[in-house]
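[1] Could you work out the structure for the sequence below:
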Amino acid sequence: MSEPAFSIRRADWPEDEALLKLVRMRVFIEEQQVPKELEWDGEDHQALQFLALDAEQRPIGTARLLPSGQVGRMAVLKAWRNRGVGSALLLRLLAEAAQGNYPELFLHAQLTALPFYQRHGFQADGEVFYEANIPHQRMTRRA
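    Numbering: from 1, shown residues only. Next up, the predicted model:
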């Protein structure tokens, strides 16, 4: 059995900020055209951060969990999509959330990502809305 081509670890915002920002800039700001002022919302310092790294320890994915229970900033570089990175990030985040004192988890999923989150136990809740001109759906997950 071979080693996985990537690893997931907890990240520390001050220490890993450049790595986390690299992925989010490429995915959200460059690829999806999210305005910088919306991406950098000032909440990263209080979030539980997760980082996916390739075999050479280069950043390939991110996720964060806010104290409110909001999962967000799930991003995987295009070359690494559909290779299990997003699922590994989310599963690690869910495992850590289960150990903490978080309220019901929720997220704002881009409509194209609904099936991904549904596979991980999230359910659509409410009406479709727009964030950064991208249609989203609130989703919740009970422990």
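
[2] Nearest residue to the most centrally placed residue in the chain in space, please, no chain neighbours.
    In the chain, the centroid-proximal residue (Cα atoms, centre = their mean) is Met74; its distance is 1.8 Å. Using Cβ to Cβ, 6 or more residues apart in numbering and skipping the chain neighbours, the partner closest in space to Met74 is Ala63 (4.8 Å). (Each C-beta comes from the backbone N, C-alpha and C, glycine too.)

[3] Check which helix or strand that neighbour maps to.
    Taking DSSP states H and E as the definition, Ala63 sits inside strand 59-65.

[4] Each with direction, which strands does that strand pair with?
    Sheet partners assigned to strand 59-65 using DSSP bridges are listed as strand 48-54 (antiparallel), strand 70-76 (antiparallel).

[5] Give me the packing partners of the helix or strand just after the last one, helices and strands only.
    By that I understand strand 70-76. Later in the chain than strand 70-76, the nearest helix or strand by DSSP H and E is helix 85-99. Packing partners of helix 85-99 (3 or more Cβ pairs under 8 Å, 6 or more residues apart in numbering; DSSP states H and E): strand 6-11, strand 48-54, strand 59-65, strand 70-76, helix 114-119.

[6] Alpha carbons of the third one, as CSV, please.
    Right, the one you point to is strand 59-65. Coordinates of the C-alpha atoms in strand 59-65 are reproduced here as CSV (Å, rounded to 0.1, in the frame of the first residue of the first chain):
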residue,chain,number,x,y,z
PRO,A,59,-0.4,23.9,0.2
ILE,A,60,-3.3,22.3,-1.9
GLY,A,61,-6.4,22.9,0.2
THR,A,62,-7.9,24.7,3.2
ALA,A,63,-10.9,24.7,5.5
ARG,A,64,-11.9,26.6,8.6
LEU,A,65,-14.3,26.3,11.5
